[in-house]
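*Asks:* how would this look folded up:
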Amino acid sequence: MTETTLARIRRFTSDRDWDQFHTPANLAKSIVIEAAELLECFQWSDEYDLQHVKEELADVLVYCQDLLDKLGLDADEIINMKMDKNEAKYPVEKARGSAAKYDQL
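*Replies:* Numbering: from 1, shown residues only. Okay, here's the model as predicted:
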């Protein structure tokens with residue numbers, strides 16, 4: 001995400017004095033709620049409205065960024081930490097082309 005976009009997200013919250021409501025628990029709940037709304041875009045059909053998907057996905061990403069900020073975390077750092085673990089759990093030679101969980105490889 002660009003610094004301009006990050007600043008816009010932070011300004012949106014700040015301008016409305018909403019940080020007081022942004023506890024980690026509230027933000028985590030909001031992420032799940034928005035993710036459910038994203039999932040709803042695909043309910044009952046393989047067809048979807050791309051604009052609606054983009055809007056719901058943006059809501060999820062904004063709340064994720066808000067939670068990163070609240071907890072003082074860096075997205076690149078935690079994603080790379082998790083990717084290191086995933087790469088160890090799912091080595092290419094065992095996982096390529098397979099949907100099996102790591103303990104079934």
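*Asks:* Show the pLDDT at K101.
*Replies:* If you check K101, the pLDDT there is 89.
*Asks:* do you know how far it is from K89?
*Replies:* 9 Å (Cβ to Cβ, to the nearest Å). In this view, the C-beta of every residue, glycine as well, is placed from N, C-alpha and C.
*Asks:* The two - which one has more neighbours?
*Replies:* K89 (13 against 10; other Cβ atoms under 10 Å).
*Asks:* Tell me how many other residues crowd the spatially closest residue to that one that is not a sequence neighbour.
*Replies:* Using Cβ to Cβ, 6 or more residues apart in numbering and skipping the chain neighbours, the partner closest in space to K89 is Y102 (4.1 Å). By other Cβ under 10 Å, the residues close to Y102 number 13.
*Asks:* Could you do the one 3 residues further on as well?
*Replies:* Counted with other Cβ under 10 Å, residues neighbouring L105 total 12.
*Asks:* How about the contacts made by it?
*Replies:* Contact analysis of L105 by Cβ atoms under 8 Å, 6 or more residues apart in numbering lists 90-91, 94-95, 98.
*Asks:* and the residues you listed, which are buried?
*Replies:* Among the contacts of L105, those buried by neighbour count (16 or more other Cβ atoms under 10 Å) are A95.
*Asks:* of all the contacts of L105, which comes closest to S45?
*Replies:* Nearest to S45 among the contacts of L105: S98, at 27.9 Å, using Cβ to Cβ.
*Asks:* Which of the three states applies to the closest one?
*Replies:* coil (DSSP: H, G, I helix; E, B strand; the rest coil).
*Asks:* Against K85, how distant is it?
*Replies:* Taken as Cβ to Cβ, the span from S98 to K85 is 18 Å.
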